[in-house]
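Colleague: just the structure for this:
(chains A and B)
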2 protein chains.
Amino acid sequence: MDYASLRTQHPDHWRLATAIRVLAMDAVAAAKSGHSGMPMGMADVATVLFKNHLKFDASAPDWADRDRFILSAGHGSMLIYALLHLTGYADMTLAQIKNFRQWGAITAGHPEYGHAKGVETTTGPLGQGIANSIGFAMAEEHLRARWGAKIQNHYTYVIAGDGCLMEGVSQEAIGLAGRHKLSKLIVLWDDNGITIDGKVSLSDVTDQKARFAASGWDVFECDGHDPVAIDRAITAAKASARPALVACKTHIAVGSSAQDTSKGHGALTDAKLIADTRAVYGWEHGAFEIPADIKAEWEAIGSRGATERAEWEARIAALAPAKRAEFERIFARGLPKRLGAAIRAVKKAAIEAPKAMASRSASEIVLKAVNPIVTDTMGGSADLTGSNNTKTEDLGVFDVDSRKGRYVYWGIREHGMAAAMNGMALHGGVRPYSGTFMAFTDYARPSMRLSALMGIPVVYVMTHDSIGLGEDGPTHQPVEHLAISRATPNTLVFRPADLVETAEAWEVALEQTATPSVISLSRQNLAPARSQNTAKNLVAQGGYVLAEAEGKRQAILIATGSEVEIALKARDLLQADGIGTRVVSMPCMELFAQQDEAYRKRVLPAGPVRVGIEAAVRAGGWDRWLLGERARKSDFVGMTSFGASAPAERLYQEFGITAEATVAKVKALL
Amino acid sequence: MDYASLRTQHPDHWRLATAIRVLAMDAVAAAKSGHSGMPMGMADVATVLFKNHLKFDASAPDWADRDRFILSAGHGSMLIYALLHLTGYADMTLAQIKNFRQWGAITAGHPEYGHAKGVETTTGPLGQGIANSIGFAMAEEHLRARWGAKIQNHYTYVIAGDGCLMEGVSQEAIGLAGRHKLSKLIVLWDDNGITIDGKVSLSDVTDQKARFAASGWDVFECDGHDPVAIDRAITAAKASARPALVACKTHIAVGSSAQDTSKGHGALTDAKLIADTRAVYGWEHGAFEIPADIKAEWEAIGSRGATERAEWEARIAALAPAKRAEFERIFARGLPKRLGAAIRAVKKAAIEAPKAMASRSASEIVLKAVNPIVTDTMGGSADLTGSNNTKTEDLGVFDVDSRKGRYVYWGIREHGMAAAMNGMALHGGVRPYSGTFMAFTDYARPSMRLSALMGIPVVYVMTHDSIGLGEDGPTHQPVEHLAISRATPNTLVFRPADLVETAEAWEVALEQTATPSVISLSRQNLAPARSQNTAKNLVAQGGYVLAEAEGKRQAILIATGSEVEIALKARDLLQADGIGTRVVSMPCMELFAQQDEAYRKRVLPAGPVRVGIEAAVRAGGWDRWLLGERARKSDFVGMTSFGASAPAERLYQEFGITAEATVAKVKALL
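Modeller: You can find the predicted model right below:
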């Protein structure tokens, strides 16, 4: 069946879908940039989805039980903007559409979470949306198990393109979805055979349907321009007991002279091409002009879910007050009041019975206190559970037959894990944290950046955070990864020195509602740094005086995490030589930078020489504290190269990260 | 057939394989860390491979036509160390085996390229080896086409574990291999069903055989302990016209009480367990003791290829002198002498006919001069050919029926592309460079780190390197990616300002033999920065005085890439106000840092105020030049947040990266 005959056979559908197509063409042409062909090609699928299937109410975009719609092929952003405008989302005015890709508009080049209502996640970097969707679907399964199907029961739909499916992260996502039988996850594959460089066959011959089936998906197919076929396929996918791929055979830039070409993938701006395409569509209206009757039909679709939503709200209102408050808390990213006392209790116990331990073990102790109270946490690890210390007994394991479980065995999939955590946080109602070795920040990095860009409070538990990892060697030893996370805007990087600081770091991380955290933890045992109990959270200040100089203050040692112990030892040696030495613990540079000048000056006064100590590269933010902020003379004890394979103590000696080396540098400066 | 009966049925094979097993057990036990179970489980497969198939000569590890053996499951490093020792690689002494994972040993925790001969690539971060192998196999296909099968004709074998196959990058690799019908690539999958957290089924249910088949691989199977079955499968795989997966069903930690458990995955150190396992193996020798007859058998395997190698050397010796010199040049990473003149010609032409252009276009001009001369380059792009400007006409396209082609359409696979480039560079004989948008450094990052760690001169062409990318918005706009690459040891990051600097940057990048380069290029047009022709390569100094102050030198503006234009404009404004202003162009901070103090002082003298300008975060190495190096007062014009979606000019205005903002900062400092 060709699309021209579809136009005559399904005229009602055709005009709805064409409204999307022309809006996309007009907006891209006005912006002189963007991607016309994808919205044009997938307008039919999207129309059927929104008209017949998607549970949503344009007047209540935050309805917690709405179906989630994720445009993984984010370059086709005009598809979602057109849908949101047509169905009547209040913020998606025609002015916004006309302002596509312009400064201040909510219609960013790629869909940006937090700009327009109805955009569930930021997409554009390919593969992210489909990988986010695992987290959305897991959160839904989990919340449905805990709250019942009357409170949480929705589908997650994804539109993914060939690019999404070529990115490796898609395989991690597909594997997770298949393993966990995420039956309410439906991926609509825009099978148009075109990428920027040309035909998909230039670079890939994968049989995607066989690939998905190999990981436990059900696979459906349709002509992506035939509304009847599309509807039949989506209906079947919804009924499947496994995650479903719907392969939608489409024509990119359908109906235009650029159809089925890589030119059609990009921005169609030629006035004649656009006019000709309008003629093919039988669309006789001007640029950005949507006839009132078509708009009304679309708005009826937008309010189709209003009754269902109202009924749902009534059920929420009917919950017992405490239960209702809890439901509202978890979706508002609130914390139970009891958390503060629990954190303080961990700190007090740590001070009263000081004990050397790895900070990853400290993190487990904190999680044992946190998880029973903050019952919306979901933890996990990328196949390093015993090493990341992320699992506490009370969590249970999230699995096909135990959806209430709160611990996820992510497998060897750091990237997919991070992307899924983004999806969980975006879905709401769960609070994700998960671990891997810090060196594998590299694998998770594209999604970690998006946590920060979207402003969602995902917590990354990154253990084995230096050469202290030892024998596994330089591939596993981070040296530049603190620098990477610290260079990323809107990211808090914590490197706690002991159990007390770890408890405080977790508390601050959990308090975030719009910022992800990286908690950098040691493999090796660390002596306790804090000896005095404080109710106050000192880590919240980012840096603070841990040990004051005795006598005249001649030196300040600034250290983080596992190197605070070295700083304290160096201080002892220096004080023994009569050199008054202050130790500043700096567990979070970002928070310290946020303190006012007066506080920073109290911690880092002018005058004394300064030495920074961190088993990582100096580029990790050190120059500000060592060269700026009233600094006079300074030096740094850390790494200038990759690490090596040997026991940790030997590595610290060989790379010169010791109290003795610190003392020598202080003396050389004085 | 169970392995106990295999012992009696194949006693000759058994004792060879058991020598590997016990060496692995003994070395891990001595180190008290490492992974025993994988070498134990895969010893049979490796024995058959080395005994019957692998083309190698232990006395000539650098033989350019050897088969390549890649241990993608790098945690099983004792497997390869045992093989290298047993077959007689001179550097892999028993002392090295006994010193497993200790300081200074070549037997690092994970196989490190450059430590032991016979280790073709650094593995450990999972999925990297299998993804490297694509580059190895592509290089072989290409060189075979160009030099003939008598000069280059070998297989690439990979041992990959479940972890390698779960990592997303494996899918990118599988897709590339299938697309390019890399028939001499054979992946031996250690199908033991165990990961660190437990059974593979905890996190994955993928039918790997179906998955590989879906991407165009031939699939074979064997009992991974039965030497006859293994041999049959490898023989069939070699005969296949497509890349081949050999699924080897194995028992991790075979024969020990930890067999088939996640405990067996780790370090087996219990003396009784080891003694019991030796008994099961019928191995009556002490720790690290290999009977002379078994060692002799293994050494015979190690010298099996000596004749073939000598014949190959004779063929090389018989090449016409110029051809032979060229063969030696490309494997020695040498450059044709003509390159220098070609680069100087590009520079001269640029000066004589100055023209505003994007630095990515400048890069294309340089490549047009480079590629016909440096004929071992292989270029490519992750589906952004027209945007990265990486393709020159003369290259031709590498494809199934055009193996001589030098341009690779990598598809939307940044990570796989980077890993494959590592494989190409490691194979030798080709010189890889490829491009993507700089923001997608994130996707390629795990392999970019390994380029640096291994010390191989891969060139990353990263275009659209700032908010200057414009409308695509913050997901596509790097702000922290210069910082990420600059924080990575052994990496040169170039950010050229115009065609002249781009030519110089390429020249320095091509001269590297042990360091990867990142070339950061603009999307937007840039005015020429250099107006005087110099034969000397100024970029090689990292930073230099581009424009001197007129009158008293009161300010120094330091800028890179696209912001050099802004610095020059700001200088004009400041000079007009009588403020003598020097402009320093800093295209490569790493190289500038390597210059001697005297030179750096000439470029950045004490006294004048300094303002750095770069459309990126200050954390990208700026504090050293703005706070250190004799700095007095300074400021920075750059980004403190993610970008936004709008035309580039508007973004520069809104984020305050302008000549006017620079002038204001200078005046505030004075």
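Colleague: correct me if wrong: residue A:345 contacts residue A:369.
Modeller: Yes: using Cβ atoms under 8 Å, residue A:345 makes contact with residue A:369 at a distance of 7.0 Å. Just so you know, the C-beta spots here come from the backbone N, C-alpha and C atoms, and that holds for glycine as well.
Colleague: show me where pLDDT drops low in the stretch 1-150 of chain A?
Modeller: A:1 (pLDDT under 70).
Colleague: contacting residues for residue A:30?
Modeller: A:98, A:100, A:287 (Cβ atoms under 8 Å, 6 or more residues apart in numbering or on different chains).
Colleague: tell me how far the first one lies from chain B.
Modeller: Just to be clear, that refers to residue A:98. Here residue A:98 is placed at a distance of 14 Å from chain B (Cβ to the nearest Cβ, to the nearest Å).
Colleague: before we move on, the earlier item: and the contacts of residue A:30, which of them are buried?
Modeller: A:98, A:100 (16 or more other Cβ atoms under 10 Å in any protein chain shown).
Colleague: got TSV for the contacts of residue A:30, with distance to residue A:84 and secondary structure too?
Modeller: Output for these, formatted as TSV (distance: Cβ to Cβ, whole Å; DSSP: H, G, I helix; E, B strand; the rest coil):
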residue	distance to residue A:84	secondary structure
A:98	14	helix
A:100	12	coil
A:287	19	coil
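Colleague: please list the residues of the stretch 551-670 of chain A that sit near chain B.
Modeller: A:617, A:619-621, A:623-624, A:627-628, A:631, A:640-642, A:644-647, A:650-651, A:654 (Cβ under 8 Å from any Cβ of the partner chain).
Colleague: quick check: residue A:588 vs chain B, distance?
Modeller: Noted for residue A:588: a distance of 15 Å to chain B, by Cβ to the nearest Cβ.
Colleague: restricted to strands, list the residues of the stretch 551-670 of chain A next to chain B.
Modeller: residue A:617 (DSSP state E).
Colleague: among the residues of the stretch 551-670 of chain A next to chain B, which ones are buried?
Modeller: Looks like these have A:617, A:619-621, A:623-624, A:627-628, A:631, A:642, A:644-647, A:650-651 buried, using 16+ other Cβ under 10 Å.
Colleague: how many other residues sit next to residue A:146?
Modeller: When counting by other Cβ atoms under 10 Å in any protein chain shown, one arrives at 17 neighbours for residue A:146.
Colleague: so it, which of the three states?
Modeller: Counting by DSSP: H, G, I helix; E, B strand; the rest coil, the backbone at residue A:146 sits in helix.
Colleague: could you pull up phi and psi at the closest residue to it other than its chain neighbours?
Modeller: Distances taken as Cβ to Cβ, 6 or more residues apart in numbering or on different chains put residue A:404 closest to residue A:146, at 5.6 Å, once the chain neighbours are dropped. With angles defined as degrees, to the nearest 10, residue A:404 sits at phi -80, psi -10.
Colleague: distance of residue A:404 from chain B?
Modeller: For residue A:404, the distance to chain B - Cβ to the nearest Cβ - is 18 Å.
Colleague: go on, residue A:112?
Modeller: 7 Å.
Colleague: how about the contacts made by that residue?
Modeller: A:106, A:119, A:122, A:453, A:454, B:473, B:474, B:475, B:645.
Colleague: for the nearest residue in space to the fifth one that is not next to it in sequence, phi and psi?
Modeller: This points to residue A:454. Among residues not flanking residue A:454 along the chain, residue A:113 sits closest, at 4.4 Å (Cβ to Cβ, 6+ apart). Dihedral pair for residue A:113: phi -60, psi 130, per degrees, to the nearest 10.
Colleague: thinking again about what came up before, contact partners for the residue nearest to residue A:146?
Modeller: Here residue A:404 is in contact with A:142, A:145, A:146, A:396, A:398 (criterion: Cβ under 8 Å, 6+ apart).
Colleague: redo that, cut-off 10 Å
Modeller: A:141, A:142, A:143, A:144, A:145, A:146, A:395, A:396, A:397, A:398 (Cβ atoms under 10 Å, 6 or more residues apart in numbering or on different chains).
Colleague: among those residues, which two are most distant?
Modeller: The distance between the two most remote of the contacts of residue A:404 (Cβ to Cβ) is 17.9 Å, for A:144 and A:395.
Colleague: distance of residue A:538 relative to chain B?
Modeller: From residue A:538 to chain B the distance is 24 Å (Cβ to the nearest Cβ).
Colleague: in terms of helices and strands, where is the closest residue to chain B within the stretch 351-500 of chain A?
Modeller: Using Cβ to the nearest Cβ, the closest approach of the stretch 351-500 of chain A to chain B is made by residue A:411 at 3.0 Å. Using DSSP states H and E, residue A:411 sits within no helix or strand.
Colleague: pretty sure it contacts residue A:179?
Modeller: Yes: the pair residue A:411 and residue A:179 qualifies as a contact (Cβ atoms under 10 Å) at a distance of 7.7 Å.
Colleague: domain map for chain A?
Modeller: Split into domains by the TED database, chain A comes to A:3-309, A:338-520, A:540-669.
Colleague: which residues sit in contact with residue A:557?
Modeller: A:546-547, A:549, A:563-564, A:566-571, A:574, A:581-585, A:608-613, A:637, A:659, A:662-663, A:665-666.
Colleague: give me the secondary structure label for the closest residue to residue A:438 other than its chain neighbours.
Modeller: Counting by Cβ to Cβ, 6+ apart, residue A:438 lies nearest to residue A:462, which is 3.8 Å off, once chain neighbours are set aside. What three-state DSSP gives for residue A:462 is strand.
Colleague: and residue A:462, what is it in contact with?
Modeller: A:360, A:388, A:435-441, A:444, A:448, A:478, A:481-482, A:485, A:493-495, A:518-521.
Colleague: send me the host helix or strand of residue A:175 as CSV with only the CA atoms.
Modeller: For residue A:175, the host element (DSSP H and E) is helix A:168-179. Only the C-alpha atoms of helix A:168-179 are listed here, as CSV (Å, rounded to 0.1, in the frame of the first residue of the first chain):
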residue,chain,number,x,y,z
GLY,A,168,26.0,0.3,22.0
VAL,A,169,23.9,1.5,24.9
SER,A,170,20.8,0.2,23.1
GLN,A,171,22.1,-3.3,23.5
GLU,A,172,22.5,-2.8,27.2
ALA,A,173,19.0,-1.5,27.4
ILE,A,174,17.5,-4.3,25.2
GLY,A,175,19.3,-6.9,27.4
LEU,A,176,17.9,-5.4,30.6
ALA,A,177,14.4,-5.1,29.3
GLY,A,178,14.4,-8.7,28.0
ARG,A,179,15.8,-10.0,31.2
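Colleague: mind checking the pLDDT average for the helix or strand following that helix?
Modeller: On the C-terminal side of helix A:168-179, the closest following helix or strand by DSSP H and E is strand A:185-191. Across strand A:185-191, the average pLDDT comes to 98.
Colleague: relative to helix A:168-179, how tilted is strand A:185-191?
Modeller: Angle, strand A:185-191 to helix A:168-179, by axes from the mean of the first three to the mean of the last three Cα atoms, to 10 degrees: 140 degrees.
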